[in-house]
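Enquirer: Sequence and predicted model, in that order:
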Amino acid sequence: MADMEAFLGRLDPDMCVVTAAAGGERAGCLVGFASQCSIEPVRFVVWLSEVNRTYRVARSADVLAVHLLAREQRALAELFGGQTGDRVDKFRSVRRRQGYGGAVVLEDAESWFVGRVVRRAGGGDHTGFVLEPVEWGGRDTPGRPLLRLSDARTIRPGHPVD
C-alpha cells in the first residue's frame, strides 16, 4: 500500500469546481478527480464524494457545470472546497449566471463547460458523472497557471471525509 500511496502522491491534477442545480437547490464543490474519458464522442467525467451535498443535488440534475480556476483564484477554491453547502450559501458572494439547462456557471472561472449527464457510475466512495459538453466558455488566458492539487492540499474539506 505504501507504494501506491507514493504513486498517488506524485499526481498533481488540475482542480475544478463542479456546480449542480436541481429541485430548487444549487450546490458546488471543489473536485480533484476529473478527466476527459472519451475522444469520440467527447466525454468528461467528474467524481463526486457521496458524503458531499453537491453529490446529493447532482443525483437529480440533468446537467453539471465544470469550472477550471487559475492558480491565483485560491479564495474561490477555499470557498467551494473548505465550506459545506449544508451550512453556507457558497453562491451568495460569487458572480454567476444561469447556463444551459439551468446550470450554475461561475462567471469568474478561468474556463468552464456545462455537460449533460449521460451516465452515473459507482466507484467506491465517489460516483462518476459522465458528461457530454453542451456549452462552454471562459477567459482561457494562454499560459495562465491553473489551480492544481498541490495548490489546494491545505484546504480542509468542508464536509467529513471519513
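Expert: In hand now; what should we look at?
Enquirer: which ones are touching the residue nearest to the spatial centre of the chain?
Expert: The structure's the chain has its C-alpha centroid closest to residue 18; by Cα atoms, centre = their mean the separation is 2.7 Å. Residues near residue 18 by Cβ atoms under 8 Å, 6 or more residues apart in numbering: 28-29, 31, 34, 46, 48, 54, 58, 64-67. To be clear about C-beta, it is placed using only N, CA and C from the backbone, and glycine gets the same treatment.
Enquirer: Direction included, what does the strand or helix carrying it pair up with?
Expert: Using DSSP states H and E, residue 18 sits in strand 16-22. Strand 16-22 has the following sheet partners, assigned by DSSP bridges: strand 25-31 (antiparallel), strand 63-68 (antiparallel).
Enquirer: How about the secondary structure of residue 6?
Expert: Following DSSP: H, G, I helix; E, B strand; the rest coil, the label given to residue 6 is helix.
Enquirer: pLDDT score for it?
Expert: pLDDT recorded at residue 6 is 82.
Enquirer: do the one 3 residues further on as well
Expert: With respect to pLDDT, residue 9 has a value of 75.
Enquirer: Equivalent analysis for residue 160, please.
Expert: The per-residue pLDDT reported for residue 160 equals 61.
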